[in-house]
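>>> Task: produce atomic coordinates for the following.
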Amino acid sequence: MATDDIINIQNVSFYRGDRAIFKNLNCTIETGKITAIMGPSGSGKTTLLRLIGGLLQPDEGRILLFGQDIAQLNRKQLNQLRARMGVLFQSGALFTDLSVFENVAFPLREHMNLSADDLYNRVLLKLEAVGLRGTRDLMPSQLSGGMARRVALARAVAMEPELILYDEPFAGQDPIAMAVLQRLIKHLNVQMHLTSVLVSHDIAEACAISDQVILLGDGRVLAQDSPAALQASDDPAVKQFIHGEADGVIPFHFPAPPLQQELRGQSE
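Purely as a prediction, here's the structure:
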């Protein structure tokens, strides 16, 4: 693995039943960059994120994270590796019965032996970084959707990880909240020397902050390049997705037998 690659995915195949989600998938994610994983619905974007996080295991191939083969790690080793990662879930996944402060403090209490003052200061600094220090005593039910996502981001970076995974960070956000999240992801990546991997359907927003885009489709990587290069691509599948064209090589229908064969009570 090249020293500038934090993630190296080698010949990975993953199946759900008889269906191949990935077949001999290969891609790398460079340290210090923001990489967007994109593709049509059902192309396996979130599945790939879960494979990277060790929540799923590939049926074939291997995934190297920080130079280590995830599948070869025991639970203790995997948890040690996960301590170097942060995750922002699509829902935010805040604990509804804990205050904003306690939500951000939760991973620190669980995994670090900080003094009361150090914990307090770190939580406030992370909330300050996302512009929500003033919400520390509020409950999640008192937050807007965009604010809740930002608190979840503060929690994701509370342990100062090296890598952060974002699952649809812009989903359901209004244009202002989306712009705030864009700026925060970019700012935190630079200020905390992070590597960021984000799954997104929002092409314009993801491309605006990403250094690289991995475009998935048909169980493989259709393209991996800079947003500008993909925008200018002549590849039919890349063009169809990037420019939102309804008709093209990416089919509208999920594979199925001919309709006439499956209808009941039809005369020959």
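
>>> So, low pLDDT: which residues of the chain?
The model of the chain has pLDDT under 70 over residues 1-3, 91-92, 245-255, 266-268.

>>> Select the longest helix from it.
helix 175-191 (DSSP state H).

>>> list the helices and strands it packs on?
Counting contacts by 3 or more Cβ pairs under 8 Å, 6 or more residues apart in numbering; DSSP states H and E, helix 175-191 packs against strand 34-38, helix 116-129, helix 145-156, strand 195-199, helix 203-209. All C-beta atoms are positioned from the backbone trio N, CA, C, and that covers glycine.

>>> Need the ones you listed in JSON lines (columns: mean neighbour count).
Output for the helices and strands packed on helix 175-191, formatted as JSON lines (neighbours: other Cβ atoms under 10 Å):
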{"stretch": "strand 34-38", "mean neighbour count": "25"}
{"stretch": "helix 116-129", "mean neighbour count": "16"}
{"stretch": "helix 145-156", "mean neighbour count": "23"}
{"stretch": "strand 195-199", "mean neighbour count": "24"}
{"stretch": "helix 203-209", "mean neighbour count": "18"}
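
>>> Looking at the ones you listed, which is nearest to Ala229?
Taking Cβ to Cβ, helix 203-209 is the member of the helices and strands packed on helix 175-191 nearest to Ala229, at 10.8 Å.

>>> Alpha carbons of the closest one, as PDB, please.
C-alpha atoms of helix 203-209 as PDB (Å, rounded to 0.1, in the frame of the first residue of the first chain):
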ATOM      1  CA  ILE A 203     -23.700  15.700  -6.800                       C
ATOM      2  CA  ALA A 204     -23.200  19.500  -6.800                       C
ATOM      3  CA  GLU A 205     -22.600  19.700  -3.000                       C
ATOM      4  CA  ALA A 206     -20.300  16.700  -2.800                       C
ATOM      5  CA  CYS A 207     -18.300  17.700  -5.800                       C
ATOM      6  CA  ALA A 208     -17.900  21.200  -4.500                       C
ATOM      7  CA  ILE A 209     -15.800  20.100  -1.500                       C
END
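
>>> can you list contacts of it?
34, 36, 38, 170, 178, 182, 185-186, 198, 200, 213, 227, 230-231, 241-242, 244 (Cβ atoms under 8 Å, 6 or more residues apart in numbering).

>>> Who does whichever helix or strand comes after that helix pair with, and is each partner parallel or antiparallel?
Where DSSP states H and E defines the elements, the next helix or strand beyond helix 203-209 is strand 212-217. Strand pairing for strand 212-217, using DSSP bridges, gives strand 34-38 (parallel), strand 220-225 (antiparallel).

>>> Please enumerate residues in contact with strand 212-217?
With contact meaning Cβ under 8 Å, 6+ apart, strand 212-217 is reached by 27, 29-30, 33-40, 43-45, 48, 206-207, 221-227, 230, 237-238, 241-242, 250.

>>> Can you get me a residue count around Ser43?
When neighbours are counted by other Cβ atoms under 10 Å, Ser43 registers 22.

>>> next one: Ile176
Neighbours of Ile176 (other Cβ under 10 Å): 9.

>>> Verify the stated contact: it with Gly145.
No. The criterion here is Cβ atoms under 8 Å, and Ile176 misses it with Gly145 at 11.4 Å.

>>> quick one: what helix or strand has Ile21 in it?
Per DSSP H and E: Ile21 is located in strand 19-30.

>>> From the chain's centroid, how far away is that strand?
In terms of Cα atoms, centre = their mean, to the nearest Å, the gap separating the centre of strand 19-30 from the centre of its chain is 15 Å.

>>> in the stretch 1-150 of the chain, which spans are strands?
Secondary structure of the stretch 1-150 of the chain (DSSP state E, counting those that start in this stretch): strands at 5-16, 19-30, 34-38, 60-65, 68-69, 85-88.

>>> Since that was my last question, I'll sign off now.
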